[in-house]
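**Student:** Kindly generate the corresponding structure for this input.
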Amino acid sequence: MTATTGRTLPAVYRAVALALLLSACAGGDPAGDAAKPCDGLLEPADPSVTLPPRLPAGVADPVFYKTQRAGATTLWFAHASGDDVVVVRDAIAGTFESAGFTIESRDEEPPAEAEFQFTAAKDEGSVQVTPLCAGRVTVRWRLGPR
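**Tutor:** Predicted coordinates for the structure are as follows:
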């Protein structure tokens with residue numbers, strides 16, 4: 001790149017500006033999810049989706065709607081009441097500690113997500129909380145063998 005041609009440098013500036021514009025528009029603002037209306041966003045409950053008895057939900061009103069398996073690891077998804085992902089994560093972590101699980105680590109990028117990793121005798125996993133819409137969060141539980 002040289003400034004002497006008069007062509008290359010301005011083209012680079014245009015490319016950088018375009019890249020910045022596209023990256024700003026590409027992803028949604030997770031923090032903005034917490035303020036948007038829930039209309040059409042709440043998955044209906046699936047009665048076949050339940051956590052195993054040894055795994056506490058940690059929230060008062062989870063609406064379980066999906067489960068996934070990947071080998072010996074299972075994921076459960078629900079939405080629940082809450083606005084602050086860190087507060088909800090900490091409440092769930094407290095129920096895990098009360099149930100005998102060890103909280104290995106906590107991670108948070110508020111207001112976009114908050115997560116903790118846990119272990120028990122034969123299990124390890126994590127719980128992640130992300131904003132869904134006004135007054136609701138998505139909670140994902142992951143459990144697999146150690």
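
**Student:** which residues of the chain score low on pLDDT?
**Tutor:** 1-32 (pLDDT under 70).

**Student:** in it, which spans are strands?
**Tutor:** Taking DSSP state E as the criterion, the chain contains strands spanning 63-70, 73-81, 102-109, 113-119, 123-133, 136-145.

**Student:** export these to TSV and tack on mean neighbour count and distance to residue 95?
**Tutor:** (Glycine included, C-beta is placed from N, CA and C.) Output for the strands of the chain, formatted as TSV (neighbours: other Cβ atoms under 10 Å; distance: least, Cβ to Cβ, whole Å):
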stretch	mean neighbour count	distance to residue 95
strand 63-70	14	16
strand 73-81	19	13
strand 102-109	13	11
strand 113-119	20	11
strand 123-133	21	10
strand 136-145	20	12
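
**Student:** now those in TSV, with distance to residue 46?
**Tutor:** Putting these into TSV (distance: least, Cβ to Cβ, whole Å) gives the following:
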stretch	distance to residue 46
strand 63-70	5
strand 73-81	10
strand 102-109	28
strand 113-119	23
strand 123-133	16
strand 136-145	15
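
**Student:** separation between the most centrally placed residue in the chain and residue 52?
**Tutor:** The residue lying closest to the centre of the chain (Cα atoms, centre = their mean) is residue 130, at 3.8 Å. Distance, residue 130 to residue 52, using Cβ to Cβ, to the nearest Å: 22 Å.
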